[in-house]
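A.B. asks: Need coordinates for the following:
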Amino acid sequence: MTESESTIQMEINFRKKRKNLFRDNMNRGNFHLLIEVNTPEKKDDFSIAASRLNSVYAALGKSDSVSTGLAVTDKIHGWTTWNVADFANELPKEDRDRHVLYISGRNSSTGDIADTIGRCKSSGFENVVAVTGDGYKPEGPKKKQKLNFVDSVTILNMLKAEDKDSFLAGCVLNPFKYAPSAVFPQYYKLVKKVRQGAEFIVTQTGWDMVKLQEMRWYLELRELHYPSIARFTLLTSDLFEDIYAGKRPGIHISPELRKILLTEAKFGYAQFASAQWRRLQIYAAGAKLLGYSGIQISGIERQEHISAACKKITEALKEFRSFEEWRDGYLSYLSRADMTPYPHRFFLFNNLFTRSYPELAKMKSEKLPECGKYERFHYRICEKFFSKSHRRDSNEHFLTKKILVGCKKCTWCRLPFTEFVCPETCPKGLANGPCGGTRFDGMCEFGGRQCIHAKIFRLAAWQKDLDSLEERYIKPAERL
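C.D. replies: Got it, this is the predicted structure:
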């Protein structure tokens, strides 16, 4: 077997469970295509949305080389959507094991999540992906209301607590980060998600194939042999401008890619659309040759486009037979455009894109971000006062905690587990690691400051406590 051929074999890491078409197709090495459908908001007519859902389902193609299904997302474009399980329940009952449902912690409580998990189970949906969800800003009288999120790690823990054979749980990783303080926390949290029961991985949308390869190499190096699915979006001129302007948290388009897209848009809709289809074909073929078990496509809304996507991707998988052939085509098609957001261009490995398989690959011996003198001094003060705070009433020393770390009143204190950085200073209240919505340089999606988990990462590195970022599950707390 050649080096290029070695990555075509899909990962097999699922436990033996009852029949599941999604799992079984990937175990057989069938490349999987998921078409993304968004759960509608409650202001939309449910019956019309359900009819469209079934039209999308009916348009899914059938192929010997590509298995197909739907990815039904939760609270993508709003936080007052219909329950994802109720919406997906409009699908035919006979093959629900080919689809994937997303469970979002956006504007949710753990009780809401438990209810959705129960509905998924009773409706026969076994394949679920836990996500924290993008930020939102309430309007009107709720403008100053605390934003409620349930961390994806907590959702995975809740799924694991169910009958372990009821669900095939997945998680999301955003590999498109370009600064060490943003890259490492993402991967530490990924390992934590796997420890909480995630059995497959879906990436955030992105267009940097080198970063997608970086993720595959990292998984191989850590011997995390889990199937992974790359998510791509069929672009429109309005959408890529929104992404470039930062209106889609966690999704990045480099200035050079934007120039290419703007040039393509000058030639009219038909030629622009044709260019996006060709790009999608190249990315799909590349994902398979890099070792991904499938792709998930968003941005396809017309029924005829879904049939076209199935056909075009099948053609692309036959067109490119080796990694080297595909890599040359990819670089040529993009005119070797730089996908990195200058000056941020950190990668975990030196020799990415030189070969498909990470044989003899070693991670860079990168100097980790260091704590400043003030951070170290602040840590020591907090350690003196709060090292046992998790065992005491959360109100004890509250004023001191508020002054030193900006604490809010919670049902229990997690400071000793988060390097004495209060999780409630994160707009989403995340204690187990960063969300995928951070910018490529690690800045919070809400703007104005660095993600608190970059600081936690620096302090953990200083304390030689990085393993805890992977291993320690921090139970959720509620603000009082």
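A.B. asks: So which bits of stretch 347-367 are buried?
C.D. replies: 347, 348, 349, 352, 353, 355, 356, 357, 358, 361 (16 or more other Cβ atoms under 10 Å). Glycine gets a C-beta too; all of them are placed from N, C-alpha and C.
A.B. asks: for this structure, what are the low-confidence residue spans?
C.D. replies: Flagging of the chain using pLDDT under 70 yields the residue ranges 1-18, 62-65, 136-146, 164.
A.B. asks: For residue 108, list the residues it contacts.
C.D. replies: By Cβ atoms under 8 Å, 6 or more residues apart in numbering, the contact set of residue 108 is 133, 148, 149, 150.
A.B. asks: Hmm, the second one is touching residue 104, no?
C.D. replies: The reference is to residue 148. No. Using Cβ atoms under 8 Å, residue 148 is not in contact with residue 104, being 11.5 Å away.
A.B. asks: The two: who's more crowded?
C.D. replies: residue 104 (27 against 18; other Cβ atoms under 10 Å).
A.B. asks: Who does the more buried one form a beta bridge with?
C.D. replies: residue 131 (DSSP bridges).
A.B. asks: Let me know whether it touches residue 131 as I believe.
C.D. replies: Yes. Under the criterion of Cβ under 8 Å, residue 104 makes contact with residue 131 at 5.1 Å.
A.B. asks: Name the residues contacting each of those two.
C.D. replies: residue 74.
A.B. asks: I figured residue 248 was touching residue 241, is that so?
C.D. replies: No. In this structure, residue 248 is not within contact of residue 241 by Cβ under 8 Å, at 10.6 Å.
A.B. asks: When these two are compared, which one has more neighbours?
C.D. replies: residue 248 (19 against 16).
A.B. asks: Reformat the buried residues of stretch 347-367 as JSON lines; add secondary structure and distance to residue 123.
C.D. replies: Shown next, in JSON lines, are the buried residues of stretch 347-367 (DSSP: H, G, I helix; E, B strand; the rest coil; distance: Cβ to Cβ, whole Å):
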{"residue": "347", "secondary structure": "coil", "distance to residue 123": "42"}
{"residue": "348", "secondary structure": "coil", "distance to residue 123": "40"}
{"residue": "349", "secondary structure": "strand", "distance to residue 123": "42"}
{"residue": "352", "secondary structure": "coil", "distance to residue 123": "42"}
{"residue": "353", "secondary structure": "coil", "distance to residue 123": "43"}
{"residue": "355", "secondary structure": "coil", "distance to residue 123": "44"}
{"residue": "356", "secondary structure": "coil", "distance to residue 123": "39"}
{"residue": "357", "secondary structure": "coil", "distance to residue 123": "40"}
{"residue": "358", "secondary structure": "coil", "distance to residue 123": "40"}
{"residue": "361", "secondary structure": "coil", "distance to residue 123": "43"}
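A.B. asks: Which of these sits closest to residue 117?
C.D. replies: residue 348 (33.9 Å; Cβ to Cβ).
A.B. asks: What's the separation between that closest one and residue 480?
C.D. replies: 41 Å (Cβ to Cβ, to the nearest Å).
A.B. asks: before we move on, what about residue 252?
C.D. replies: From residue 252 to residue 480 the distance is 37 Å (Cβ to Cβ).
A.B. asks: Which of the two has more residues huddled nearby?
C.D. replies: The neighbour count for residue 252 versus residue 480, taken as other Cβ under 10 Å, is higher for residue 252 (25 against 9).
A.B. asks: part of a helix, is the more buried one?
C.D. replies: No. Counting by DSSP: H, G, I helix; E, B strand; the rest coil, residue 252 is located in no helix; its state is coil.
A.B. asks: which residues does it contact?
C.D. replies: Residue 252 neighbours (Cβ under 8 Å, 6+ apart): 176, 206, 243, 341, 439, 440.
A.B. asks: Nearest to residue 286, out of those: which one, please.
C.D. replies: Nearest to residue 286 among the contacts of residue 252, with distances taken as Cβ to Cβ, is residue 206, at 12.1 Å.
A.B. asks: who are the neighbours in contact with that closest one?
C.D. replies: Counted by Cβ under 8 Å, 6+ apart, residue 206 has contacts 174, 175, 176, 212, 231, 251, 252.
A.B. asks: Can you name every helix or strand that the host helix or strand of residue 374 contacts?
C.D. replies: Residue 374 belongs to helix 373-386 when assigned by DSSP states H and E. The contact analysis (3 or more Cβ pairs under 8 Å, 6 or more residues apart in numbering; DSSP states H and E) places helix 373-386 against helix 398-405, helix 452-462.
A.B. asks: Between those helices, which one is closest to residue 374.
C.D. replies: Checked against Cβ to Cβ, the stretch from the helices and strands packed on helix 373-386 lying closest is helix 452-462, at 11.4 Å.
A.B. asks: buried set for the closest one?
C.D. replies: Of the residues in helix 452-462, those buried (16+ other Cβ under 10 Å) are 452, 453, 454, 455, 456, 457, 458, 459, 460, 461, 462.
A.B. asks: for stretch 203-211, same thing?
C.D. replies: In stretch 203-211, counting by 16+ other Cβ under 10 Å, buried: 203, 204, 205, 206, 207, 208, 209, 211.
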